[in-house]
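Student: Turn this into a model:
(one chain, ligands or ions: 2)
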Amino acid sequence: MGSGLISARFVMSVLDYTKAPTDRRPAVAIAGRSNVGKSSLINAITEGKAIARVSSTPGKTQSLNFFLAEDRFYLVDLPGYGYAKAPHKVKDSWGRLVEGYLMNSPYLRGLIILVDCRRDFQADDRMLLEWLAPRKLPIAAVMTKTDKLTRNELEKAVTTLRRDMFGGGKGGDLVPFSTKTGVGKKEVVQWIRKAAS
Ligand SMILES: Nc1nc2c(ncn2[C@@H]2O[C@H](COP(=O)(O)OP(=O)(O)OP(=O)(O)O)[C@@H](O)[C@H]2O)c(=O)[nH]1
Ligand SMILES: [Mg+2]
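Tutor: Ligands and ions are numbered 1, 2, ... in the order given. All right, here's what the predicted structure looks like:
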């Protein structure tokens with residue numbers, strides 16, 4: 001743990017949320033639109049070789065992928081939503097899988113919602129927040145790919161996302177993040193460790 005990153009290894013992929021691990025370890029899941037950078041974030045905050053599959057083609061992750069972290073908790077890489085070209089059948093199975101897991105897992109302790117810094121907070125992001133409101137889970141927003149914006153643009157984007165997602169004010173954790181510059185890694189690692197504790 002000298003690097004400050006999380007040591008983790010791949011454990012299993014499931015296509016049915018009822019098959020998720022039942023060993024009672026807490027879990028923290030990474031959600032967001034397709035291609036937003038969920039799998040890349042998992043690779044960036046974990047030690048060693050990349051453990052999650054990344055692709056420039058949206059829709060890469062299709063199963064719930066469980067990574068055992070620090071022998072203590074699970075990091076869960078979720079399939080992305082909002083991929084417009086996905087056939088209805090795929091959208092339905094996404095709903096069953098991701099919604100089923102997020103709504104029903106007794107071990108889920110926190111959720112990170114990723115939003116691309118160049119895009120608005122969209123209807124499907126909001127839907128996810130609304131579904132989850134009754135669970136009262138700790139939720140953090142991570143703004144990804146911030147290396148693509150100038151400092152001014154980023155400042156504006158952060159203010160807008162804070163307003164759209166948390167209704168303005170200071171409430172809610174929001175971390176600007178980039179796998180390219182490394183910004184936000186430390187904060188994300190801290191948030192996850194706390195949520196999983
Ligand atoms: N410039 C830049 N590109 C990034 C960053 N994070 C991810 N990407 C790129 O974005 C693309 C999608 O990354 P993934 O990590 O596969 O995205 P995902 O959210 O897991 O996508 P799905 O599994 O399809 O839902 C890849 O081409 C990544 O290299 C970042 O911080 N900066
Ligand atoms: Mg992925």
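Student: how close does the residue most central in space within the chain get to residue 75?
Tutor: With distances taken as C-alpha atoms, centre = their mean, residue 30 lies nearest the centre of the chain, 2.1 Å away. Using C-beta to C-beta, to the nearest Å, residue 30 is found at 7 Å from residue 75. C-beta coordinates here come from the backbone N, C-alpha and C atoms, glycine included.
Student: which residues are common contacts for the two?
Tutor: residue 42 (C-beta atoms under 8 Å, 6 or more residues apart in numbering).
Student: what's the weakest-modelled helix or strand in the chain?
Tutor: Within the chain, confidence by mean pLDDT, DSSP states H and E is lowest for helix 88-94 among all helices and strands, at a mean of 70.
Student: Quick one: name whatever helix or strand follows that helix.
Tutor: helix 100-104 (DSSP states H and E).
Student: which residues in the protein form strands?
Tutor: 8-14, 27-32, 64-69, 73-77, 108-116, 139-144, 173-176 (DSSP state E).
Student: Out of those strands, which is closest to residue 159?
Tutor: Between residue 159 and the strands of the chain, the shortest separation by C-beta to C-beta is 9.9 Å, and it involves strand 173-176.
Student: Averaged pLDDT, that closest one. What do you get?
Tutor: Per-residue pLDDT over strand 173-176 has a mean of 96.
Student: Tell me which strands that strand pairs with, and in which orientation.
Tutor: The partner list of strand 173-176 in its sheet, established with DSSP bridges, is strand 139-144 (parallel).
Student: distance of the residue located most distally from the centre of the chain from residue 158?
Tutor: Most distant from the centre of the chain: residue 152, at 25.2 Å, with distances by C-alpha atoms, centre = their mean. For residue 152, the distance to residue 158 (C-beta to C-beta) stands at 11 Å.
Student: swap in residue 104?
Tutor: Per C-beta to C-beta, residue 104 is found 33 Å from residue 158.
Student: Of these two, which one has the most company?
Tutor: Remark: of residue 104 and residue 158, residue 158 carries more neighbours, 18 against 12, as counted by other C-beta atoms under 10 Å.
Student: give me every residue that touches the more buried one.
Tutor: Residues in contact with residue 158, defined by C-beta under 8 Å, 6+ apart, are 143, 174, 176.
Student: Can you tell me which residues in this protein are near ligand 1?
Tutor: By the rule C-beta under 6 Å from any ligand atom, the part of the chain lying against ligand 1 is 32, 34-40, 54-56, 58-61, 79-80, 144-145, 147-148, 178-180.
Student: So which of those would count as near ligand 2 as well?
Tutor: 38-39, 60-61 (C-beta under 5 Å from the ion).
Student: quick one: which of those residues sit in helices?
Tutor: Secondary structure defined by DSSP state H assigns 38-39 of those to helices.
Student: Pull the most distant pair out of the ones next to ligand 2 among the residues of the chain next to ligand 1.
Tutor: 38 and 60 (9.3 Å).
Student: Right, and ligand 1 sits closest to which residue of the chain?
Tutor: Closest residue of the chain to ligand 1, C-beta to the nearest ligand atom: residue 80 (2.5 Å).
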